[in-house]
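Peer 1: fold the following.
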Amino acid sequence: MPMVVTDPRQAENPIVLANKAFLTLTGYSADEVIGRNCRFLQGPDTDQEALDEIRAAIRTPRECCVDIVNYRKDGVRFVNELQISPIHDDDGQLLYFFASQMDVTLRRQAADLLAAEHALLREVDHRAKNALALVQGIVRLSNASDAARYAAAVQGRVDALAAAHGLLAEGHWRTVPLDRLIRNVVEQHGLRRISIVGPAMEIDAGQVQPLALVFHEIATNAARFGSLSVDDGQLAISWQQDPQRVAVTLAESGGPPPAPQRKPGFGLTMIDAIVRRQLGGEVDYDWAPQGLSARIHIPPTIARHGPQA
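Peer 2: Numbers count the residues shown, from 1 in each chain. The predicted structure follows:
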């Protein structure tokens, strides 16, 4: 086991004895170690809280056991399980500190992986419950005049949630690229007639499923009533972000002109509810002669810039 002895009666409490195991662990020679304070093993990732604990134990003096990030001579970091004990003479005077070390890097990594796995499982459970709640809401709220249309409406919305769920799993339930989310949700309507343009952007996990429903409803509305209901129609989806908001525009063109004073149907009403209540944003519709445009403004906190292509 790696061990050192330090002398607190000397300035800087230097190492006065280091065994071979300590030299092997750290990569230093005895000449490079003897006479130095142990802080030469510290580096950028050394935790201040661990240092405070060690300093308090030396100042008291008392025993302590702490995990601390140290660095070998070659710069490789390791997690050191450090145990310090004061050594006194028969009169109770402090003579030395004895310190043993153990490289517990693998143990720490295993513990961190286990903690991450537990966190992931909790997140999966949370998202699964959210998805179930959304499905239940869809089943209750989907509106159609006959059973076949009702079933198709429900199936389309559930498929959009399933696409979002798959992307969340790929992203380890953290973020999903916005462009991939849109493509996966609207591809059933034919990507050849749908343009998707915007900067790389990652959507936080909690907002992915609501956004999936928004894009599904817009594309489905265009396929039933708007530009995607005719062969030459187009749907352009674009977005941009500034410090105040993320702005998403979905613009139809080349389709039948909207009917005079056309009002939002059930799907667009659902979009408005999702954007306002779940995403904390706003949505505006423009019933222009060339086709419907929807402009969605949502808080910038739901997204972060992704890696640039």
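
Peer 1: now the strands for this protein?
Peer 2: Taking DSSP state E as the test, the strands found in the chain are 3-6, 15-18, 64-71, 77-88, 94-100, 175-177, 194-197, 201-204, 234-242, 245-253, 282-288, 291-298, 303-305.

Peer 1: make JSON lines from those strands and add distance to residue 110, mean neighbour count and mean pLDDT to it.
Peer 2: For the C-beta atoms, the positions are set from N, CA and C on the backbone; glycine is no exception. Conversion of the strands of the chain to JSON lines gives the following (distance: least, Cβ to Cβ, whole Å; neighbours: other Cβ atoms under 10 Å; pLDDT from 0 to 100):
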{"stretch": "strand 3-6", "distance to residue 110": "25", "mean neighbour count": "19", "mean pLDDT": "92"}
{"stretch": "strand 15-18", "distance to residue 110": "29", "mean neighbour count": "19", "mean pLDDT": "93"}
{"stretch": "strand 64-71", "distance to residue 110": "13", "mean neighbour count": "18", "mean pLDDT": "93"}
{"stretch": "strand 77-88", "distance to residue 110": "11", "mean neighbour count": "18", "mean pLDDT": "91"}
{"stretch": "strand 94-100", "distance to residue 110": "21", "mean neighbour count": "18", "mean pLDDT": "92"}
{"stretch": "strand 175-177", "distance to residue 110": "26", "mean neighbour count": "21", "mean pLDDT": "92"}
{"stretch": "strand 194-197", "distance to residue 110": "42", "mean neighbour count": "16", "mean pLDDT": "94"}
{"stretch": "strand 201-204", "distance to residue 110": "28", "mean neighbour count": "20", "mean pLDDT": "92"}
{"stretch": "strand 234-242", "distance to residue 110": "39", "mean neighbour count": "17", "mean pLDDT": "93"}
{"stretch": "strand 245-253", "distance to residue 110": "39", "mean neighbour count": "21", "mean pLDDT": "94"}
{"stretch": "strand 282-288", "distance to residue 110": "47", "mean neighbour count": "15", "mean pLDDT": "89"}
{"stretch": "strand 291-298", "distance to residue 110": "40", "mean neighbour count": "21", "mean pLDDT": "92"}
{"stretch": "strand 303-305", "distance to residue 110": "30", "mean neighbour count": "14", "mean pLDDT": "69"}
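
Peer 1: residues near the closest residue to residue 215 other than its chain neighbours, how many?
Peer 2: Excluding its sequence neighbours, the residue lying closest to residue 215 (Cβ to Cβ, 6 or more residues apart in numbering) is residue 185, at 4.7 Å. Neighbourhood size, residue 185 [other Cβ atoms under 10 Å]: 27.
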